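Novice: Turn this into a structure:
(4 chains)
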Number of protein chains: 2
Amino acid sequence: MEKRIYTPGVIHRLSMYLRYLSQLDDVGRITVSSREMSDAVNVNSAEIRRDLLTFKASGKRGVGYDVKALISKFNEIIGTQEQTNIILVGAGNLGAAIINFDALKKHGFVIAGVFDKDARKIGKEVGDKIVQPMDKVKEVVMDSNVKTAIIAVPSSAAQNTAEELAKAGIKVILNYTSARIEPLPGVMIQTTDPVEKLLHTLYYLKKTGSA
Amino acid sequence: MEKRIYTPGVIHRLSMYLRYLSQLDDVGRITVSSREMSDAVNVNSAEIRRDLLTFKASGKRGVGYDVKALISKFNEIIGTQEQTNIILVGAGNLGAAIINFDALKKHGFVIAGVFDKDARKIGKEVGDKIVQPMDKVKEVVMDSNVKTAIIAVPSSAAQNTAEELAKAGIKVILNYTSARIEPLPGVMIQTTDPVEKLLHTLYYLKKTGSA
DNA sequence: TAGATTGTTAATCGATTAACAATC
DNA sequence: TAGATTGTTAATCGATTAACAATC
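Specialist: From the prediction side, this is the model:
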């Protein structure tokens, strides 16, 4: 597995490149220039070349880059090969949406268990997973060597859920609610508001009068 | 309405400040120092002071900032007052999750209509909205002066949906799927992958060996 | 006054972009 | 060769941070 760590900005552009390159590959394109990629993904062509440089992907002057070579290079960097088990707490709409995102699978993350507090949800099938009660978390954490949990419960339940997860041995919590979670000893907490980027965009559109 | 446009970075920090300040206000705190805020939201205290400067929020040296004053200032900047109507296409899990985010409401965005192609979903209640068929989009766009639509359909349907929306008079599309949408004349398209930030964080954790 | 904390400047850091020689 | 496009350097831009005088 590629060991270098890139900034979020670079990784973001990388996913955009990948998306566009897959489209090209689908229609049988062999090479692509930084100019073309620039037009398609709206990133300055010099920046693209510099990115490709840091990814150690090289092209042919006067010709461009090999589409398939870039795709396999990028997939390697994103780390699709190595599987990482995570669990998901909260089988509501947001949780269900997360289960169904193939982007997670595509990036090598496997949802090893889905949990919910709501007795009515337990035993139900969501996506291709069966919802389990919270007291099963510990077992799954041990059995599947899980360190990371995504919290997608109602904001009001976020803090409680985090504390339960900490007790069950979870080391990293991705808080996918809009509530702040108080620090817990020995646990890394990352809050990611699910609509944040949507809001930024809307905010921008509103201010510029386009929305 | 405050007319200045701030960068996504600033707005992101602003929402974090707001979240923390509300907590303080709830427990009756009157003032807060940039140091305290810094500890709570993990942003350098100098940066916080500079942010507050650009927001034209002032404090008292040796004391700190007034909590309530900051809150109302920030709400003003985010533009909660002025309502903007938008529509949502796609009443699946992701769509339902979007409807239930009060963050949208809190920032002054009103979902004026929810639409879906799937005949089985039409007429059903999702959140507090009734799902309508796609051929009603035009009507709602006209009646409620809607320019902006959020697309939360399966990736495979994104392009088609965008084209239909363009025909119905939509000017701005927020593509909340992981598919790329080809440019459409007269329409601004913004793609926001719903799990992107989640993936970045996971990617980072994986590479550092913490996940 | 003494201690704390703001307001603000200047330094640093990192990311983006322009430009162009190298070379296919 | 002529045209195109990479690879790479240097310039620019913007965001973050350290530092500290002003002042509550």
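Novice: three-state assignment of the spatially most central residue of chain A?
Specialist: Among the residues of chain A, the one closest to the centroid is residue A:104, at 5.6 Å (CA atoms, centre = their mean). Applying DSSP: H, G, I helix; E, B strand; the rest coil to residue A:104 yields a three-state assignment of helix.
Novice: is DNA strand D contacted by the top helix by length along chain A?
Specialist: Longest helix in chain A by number of residues, with DSSP state H as the criterion: helix A:8-26. No: in this structure, helix A:8-26 remains apart from DNA strand D according to CB under 7 Å from any atom of the strand; the gap is never smaller than 10.9 Å. For glycine as for every other residue, the C-beta is placed from the backbone atoms N, C-alpha and C.
Novice: same question for the longest strand belonging to chain A, mean pLDDT?
Specialist: With secondary structure taken from DSSP state E, chain A has its longest strand at strand A:109-116. In this model, strand A:109-116 carries a mean pLDDT of 96.
Novice: Now do the same contact list for the closest residue to the residue nearest to the centre of chain A other than its chain neighbours.
Specialist: Ranked by CB to CB, 6 or more residues apart in numbering or on different chains and with sequence neighbours excluded, the top spatial neighbour of residue A:104 is residue B:195, at 6.5 Å. With contacts defined as CB atoms under 8 Å, 6 or more residues apart in numbering or on different chains, residue B:195 is in contact with A:98, A:101, A:103, A:104, B:178.
Novice: Just confirm the second one contacts residue B:194, I think it does.
Specialist: Yes: checked against CB atoms under 8 Å, the pair residue A:101 and residue B:194 is within contact range at 7.1 Å.
Novice: Report the set of residues contacting both of those two.
Specialist: residue B:178.
Novice: Including distance to residue B:115 and pLDDT, could the contacts of residue B:195 go into a markdown table?
Specialist: Below are the contacts of residue B:195 laid out as a markdown table (distance: CB to CB, whole Å; pLDDT from 0 to 100):
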| residue | distance to residue B:115 | pLDDT |
| --- | --- | --- |
| A:98 | 23 | 93 |
| A:101 | 22 | 87 |
| A:103 | 24 | 83 |
| A:104 | 27 | 88 |
| B:178 | 20 | 81 |
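Novice: what's near enough to touch residue A:62?
Specialist: Taking CB under 8 Å, 6+ apart as the contact definition, residue A:62 lies against nothing.
Novice: same check, this time on the one 4 residues further on
Specialist: For residue A:66, the set of contacting residues under the criterion of CB under 8 Å, 6+ apart consists of A:30, A:31, A:59.
Novice: Which members of those residues occur in strands, if any?
Specialist: Taking DSSP E, the ones among the contacts of residue A:66 that sit in strands are residue A:31.
Novice: List just the nearest of the contacts of residue A:66 to DNA strand C.
Specialist: Taking CB to the nearest atom of the strand as the measure, DNA strand C lies nearest residue A:59 of the contacts of residue A:66, at 8.9 Å.
Novice: surely that closest one meets residue A:48?
Specialist: No: applying CB under 8 Å, one finds residue A:59 not in contact with residue A:48, separated by 10.5 Å.
Novice: Those two: which is more packed in?
Specialist: residue A:48 (20 against 17; other CB atoms under 10 Å in any protein chain shown).
Novice: so which strand or helix has the more buried one?
Specialist: Using DSSP states H and E, the element containing residue A:48 is helix A:45-54.
Novice: and that helix, does that touch chain B?
Specialist: No: between helix A:45-54 and chain B, judged by CB under 8 Å from any CB of the partner chain, nothing touches; the nearest distance is 14.7 Å.
Novice: Quick check: residue A:180 is in a strand.
Specialist: No: according to three-state DSSP, the state of residue A:180 is coil, so it is not within a strand.
Novice: Tell me how far it lies from residue B:26.
Specialist: To residue B:26, residue A:180 is 12 Å away according to CB to CB, to the nearest Å.
Novice: neighbour count winner among those two?
Specialist: The residue with more neighbours, out of residue A:180 and residue B:26 and counting by other CB under 10 Å, is residue A:180; that gives 18 against 8.
Novice: Can you get me a residue count around the closest residue to that one other than its chain neighbours?
Specialist: Once its chain neighbours are removed from consideration, residue A:180 has its nearest residue in residue B:19; the separation is 5.1 Å (CB to CB, 6+ apart). Residue B:19 has 16 neighbouring residues, counting by other CB under 10 Å.
Novice: Contact partners for residue B:19?
Specialist: If you count contacts by CB under 8 Å, 6+ apart, then residue B:19 has A:178, A:179, A:180, B:41 around it.
Novice: What pLDDT is listed against it?
Specialist: 89.
Novice: Kindly provide the distance from it to residue A:154.
Specialist: In this structure, residue B:19 and residue A:154 are separated by 16 Å, where distance is defined by CB to CB.
Novice: Return the residue of chain A that is most distant from the centre.
Specialist: In chain A, by CA atoms, centre = their mean, residue A:62 is the one farthest from centre (35.6 Å).
Novice: so it is in which element?
Specialist: Judged by DSSP H and E, residue A:62 forms part of no helix or strand.
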